[in-house]
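J.: model this:
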Amino acid sequence: MATVPTIHLNGTSGKDLWNEYHAAYEAIKTSIDALCDATCNGRDFYPQGPAAFSQARSERDEALRKLREVKAYTEEVLMGIMAQQP
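T.: Residues are numbered from 1 along each chain as shown. A predicted model of the protein is given here:
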């Protein structure tokens, strides 16, 4: 899925790549946790009609799926960076 950067003398250092992608990974993990912790309760949607809560849950599930996809991407890049370390 991910095209991993090649660590070489004319490019960004492996340490810098690791630090940058690791920071992104941690931010994504925090985002996933925060979204999971955010209240999504039917009582907050019933005035909008019977389908509103179901729609809200579906949208939330899709947002979490996308965040987890980005998390998997950063994990793959991090693993690729680690594999190039001596």
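J.: Where does the prediction get shaky in this protein?
T.: Nowhere does the chain drop to pLDDT under 70.
J.: biggest helix in it by residues?
T.: For the chain, the helix that runs over the most residues, judged by DSSP state H, is helix 52-83.
J.: Go through that one and flag the buried ones.
T.: Residues of helix 52-83 classed as buried by neighbour count (16 or more other Cβ atoms under 10 Å): 53, 56, 67, 71, 73-74, 77-78, 80-81. (Each C-beta comes from the backbone N, C-alpha and C, glycine too.)
J.: Which residues outside stretch 20-31 are in contact with it?
T.: Residues from elsewhere that reach stretch 20-31, judged by Cβ atoms under 8 Å, 6 or more residues apart in numbering: 67, 70-71, 74-75, 77-78, 81.
J.: How about stretch 72-86?
T.: Around stretch 72-86, the neighbours that count as contacts under Cβ under 8 Å, 6+ apart are 1-2, 4-7, 14, 17-18, 21-22, 24-25, 28.
J.: now do stretch 38-46
T.: Contacts made with stretch 38-46 from outside it, assessed by Cβ under 8 Å, 6+ apart, are listed as 52-53, 56-57, 60.
J.: ok, of the contacts of stretch 72-86, which come out buried?
T.: By 16+ other Cβ under 10 Å, the contacts of stretch 72-86 give 4, 7, 14, 17-18, 21, 24-25, 28 as buried.
J.: In CSV, list those residues along with distance to Tyr46 and secondary structure.
T.: Below are those laid out as CSV (distance: Cβ to Cβ, whole Å; DSSP: H, G, I helix; E, B strand; the rest coil):
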residue, distance to Tyr46, secondary structure
Val4, 47, coil
Ile7, 54, coil
Gly14, 53, helix
Leu17, 48, helix
Trp18, 48, helix
Tyr21, 42, helix
Ala24, 38, helix
Tyr25, 38, helix
Ile28, 32, helix
